[in-house]
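Trainee: Here is a sequence together with a model predicted from it:
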Amino acid sequence: MLTDQIDKKALKLLKSYSGVSQLYARSKNPLRPYQQRWIDEFGITSDEEFAYLKEHGLAFDLVDMKHDEAVQKCFEYVKQCKKSQITDLFLSSFATERPDLRSDFAAYAIMQTMPEHRFANSNVPNFCHICSGSDVCIDMDMTDWNAERFKYGSIGPLKVPFIIQFHLAQHLRCAHQTPTSEDFRIFNAILDVLRSAEATAKPKDLHKDLKKISGFKATNDQWKRLLEALGVAGILETEQHKGYLTHYTNPGLAPSKTSSSNWAYPVDFWTGADGVNRKALEFWFGAYPEVLLE
């Protein structure tokens, strides 16, 4: 089923869905005070509401999946994806204010270099030393992952095969969208902000100028995830810290610029002095004459 128009009621329910709240609510043990506080603050999705979400293709039953199956699905799905469809949806997300349309771009970018592999034990029990995925994911809450797609517009901090395969599967359900002149204008304006950033500017320093772009309505989390996705795609990288277009880095072992940083690798290390990687930009968007490559 290809999805285009999203039911407004279902979307509102999805954005209020909290996987943590649902997890606590399923607990057979008495809730601890902090667990009850979480439920009180973020609420619980009722069975009726969950059924409505499922009816509109936005919710999924909890399932278990093994690491090797997740990796297999990643490669199965990515072969069905077309780069042009990935980039068409990415670009079409700006004027439509549909962050979900660009949410699978980073997952596809990771697959440019993620190696096919089987679960391999690391120094941390039950975590793969290649991808940091667990041997098996119990009760995968794909509804929670889907809520992130629609709220934030990209894959979150945990970039393991379980989540990557989900993003790719959802991309294959998306109806085709053709970028408009307004989409290109907004994207070029974003690139202009990146290119004109001061040499010492860090990703967090770009918010002020990004907010000035006419027609680009994004929350703090959305523009942050956008910059992180451009880093994953190699467009915002450094000489020492490469994106996944050319170099695979185990997401669970990727370094951070500081111990307190909450930015994803590799954009965490990016500054204005690093600029925009033209080769990566051309790889992803060179087929669009409307995108200003430099």
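Mentor: Great, that's in hand. Numbering: from 1, shown residues only.
Trainee: Tell me how far the helix or strand where Gln22 lies lies from the chain's centre.
Mentor: In the assignment (DSSP states H and E), Gln22 maps to helix 19-26. Chain-centre distance of helix 19-26: 22 Å, with CA atoms, centre = their mean, to the nearest Å.
Trainee: Quick one: list the elements packing against the helix or strand following that helix.
Mentor: Towards the C-terminus, the helix or strand next in line after helix 19-26, according to DSSP H and E, is helix 33-42. Using 3 or more CB pairs under 8 Å, 6 or more residues apart in numbering; DSSP states H and E, the elements in contact with helix 33-42 are helix 19-26. Where you see a C-beta, it was placed from the backbone N, CA and C, and this is true even at glycine.
Trainee: what packs against the helix it packs on?
Mentor: helix 33-42, helix 142-152.
Trainee: if we look at it, which residues are touching it?
Mentor: 31, 35-36, 38-39, 42-45, 141, 143-144, 147 (CB atoms under 8 Å, 6 or more residues apart in numbering).
Trainee: Show me the shaky parts of the chain.
Mentor: 1-4 (pLDDT under 70).
Trainee: Give me the buried subset of the contacts of helix 19-26.
Mentor: 35, 38-39, 42, 44-45, 141, 143-144, 147 (16 or more other CB atoms under 10 Å).
Trainee: Mind putting those residues into a markdown table with distance to Gly19?
Mentor: Converted to a markdown table, the buried ones among the contacts of helix 19-26 look like this (distance: CB to CB, whole Å):
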| residue | distance to Gly19 |
| --- | --- |
| Gln35 | 13 |
| Trp38 | 11 |
| Ile39 | 12 |
| Phe42 | 10 |
| Ile44 | 11 |
| Thr45 | 10 |
| Asp141 | 4 |
| Thr143 | 7 |
| Asp144 | 3 |
| Ala147 | 8 |
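Trainee: who touches the nearest residue to Ser256 once chain neighbours are set aside in this structure?
Mentor: Leaving out its chain neighbours, the residue that sits closest to Ser256 by CB to CB, 6 or more residues apart in numbering is Asp268, at 5.8 Å. For Asp268, the contacting residues are 203, 231, 241, 256-257, 261, by CB under 8 Å, 6+ apart.
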